[in-house]
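>>> Fold the following for me, if possible:
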Amino acid sequence: MASLGTAASHRNTLARLIQLGIEVMSNHRSSHGRLTRAATLFALALASTGIAAANAATDATSSAFTAASKAADGPVTYTYQTLDYPGASLTIFWGINDFGELAGQYAIGNGTSHAMVYRHGQFKPLDPNALGDYFSAAGGPNDYGATFGGYADASGQQHGFLIQGGRLATIDFPGHLNSNLDQVNMFGAIAGVYWDADGIYHGVLRQGQGFDTPINVTGARDTYPLGINDNGEIVGYWDTNPAQKHGFYRSANGQYTTVDVPNAVSTVTLEINDRGQSTGNYEDASGGVHGFVETHGKFQNIDVPGAVATVGTAINNLGVIAGEYYDAAGNQHGFTATPVETSRHN
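Numbering: from 1, shown residues only. Model (predicted):
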């Protein structure tokens, strides 16, 4: 594998970009600027352009290979598949359901990221007429077809959205500048986030219109919920210093537990399935970034073979993981990691 750079500073910069990239779906205004300032090193740009074939379904550019990872209780083999939106310079997945449908964002050249879905072996932009020409990104779909996420308007303000039954609704958290929907479960419960001019993230659990519960870890600067399962369990991250994040788990009755990968410098937990498995990423002491899956307190690395860095963003009830990885040139690619036992039954 070609080296991204031998200097420790390059590795540390990449680790910071990965952490900032997790915020891209939910924070266009701040992470876009910081990522773009680092583009000279990693050729990562998230500014906006349109594409001529925006309304046409397109075939996936993909490749597959198998690698073995070892969990604490024995070897687990995954089949890794790269999935890139055709012609895109950036592909990120933020969600996967039990039917293998995915959602995320893509960018062409140095253009702005736009929301997309992947169904039946094809990519398709997600309602570009409604979401506009500015930044957008999507999570889901859940098993009931709901797709959600955030989009920016002409002023740069971000709004949450929910698409269900073919109808798009803008969903904001009243009284705040920016909103994003990070996960919606089968009962319609929303794990979301808002931020104002201070750039501090505040989590929200919305259960029905007007029933908002704050999601804030005591003593934290930022609390960022990223996933909610059908049991009402929520995961995400909190920090007192944005450079050092900690994962968290919130039980259905509101009890918080910090989730840190052993010996990690920073941990982010992004999604939890109905079996209690979660996925995310962590930064090690040398600045390397690895995906992980956590099962009953045991952590296992998820590293796409040949990748410089791997980020797990979503996990379905079959244990299939989706996310993104960085190649040696700093390009971002979407991927899925399927347990071999699951793939044998599909």
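
>>> I'd say residue 189 and residue 205 touch.
Yes. Using C-beta atoms under 8 Å, residue 189 makes contact with residue 205 at a distance of 6.7 Å. C-beta coordinates here come from the backbone N, C-alpha and C atoms, glycine included.

>>> Find the residues that touch each one of the two.
Taking C-beta atoms under 8 Å, 6 or more residues apart in numbering as the criterion, residue 189 and residue 205 both touch residue 228.

>>> I'd assumed residue 78 was in a helix, is it?
No. Counting by DSSP: H, G, I helix; E, B strand; the rest coil, residue 78 is not part of a helix but strand.

>>> For the stretch 201-346 of the chain, give me the ranges with low pLDDT.
210, 342-346 (pLDDT under 70).

>>> what about the strands in it?
Along the stretch 201-346 of the chain, the segments classed as strands by DSSP state E, counting those that start in this stretch run 202-206, 212-215, 222-228, 234-241, 244-250, 256-259, 266-272, 278-283, 289-295, 298-302, 309-315, 321-326, 332-339.

>>> Check which strands are paired with the second one and give the direction for each one.
Taking DSSP bridges as the criterion, strand 212-215 pairs within the sheet with strand 202-206 (antiparallel).

>>> from the chain's centre, how far out does the partner strand sit?
With C-alpha atoms, centre = their mean, to the nearest Å as the basis, strand 202-206 stands 17 Å off its chain's centre.

>>> now swap in stretch 76-86 and tell me
Centroid displacement of stretch 76-86 relative to its chain, using C-alpha atoms, centre = their mean, is 16 Å.

>>> cool, stretch 311-323 as well?
Centre-to-centre, stretch 311-323 and its host chain are 10 Å apart (C-alpha atoms, centre = their mean).

>>> Poorly predicted segments of the stretch 1-150 of the chain, please.
By pLDDT under 70, the weakly predicted segments of the stretch 1-150 of the chain are 1-75.

>>> Could I get the full set of strands for it?
Applying DSSP E, counting those that start in this stretch to the stretch 1-150 of the chain gives strands spanning 58-59, 61-71, 74-84, 88-96, 102-108, 114-119, 122-125, 136-139, 147-152.
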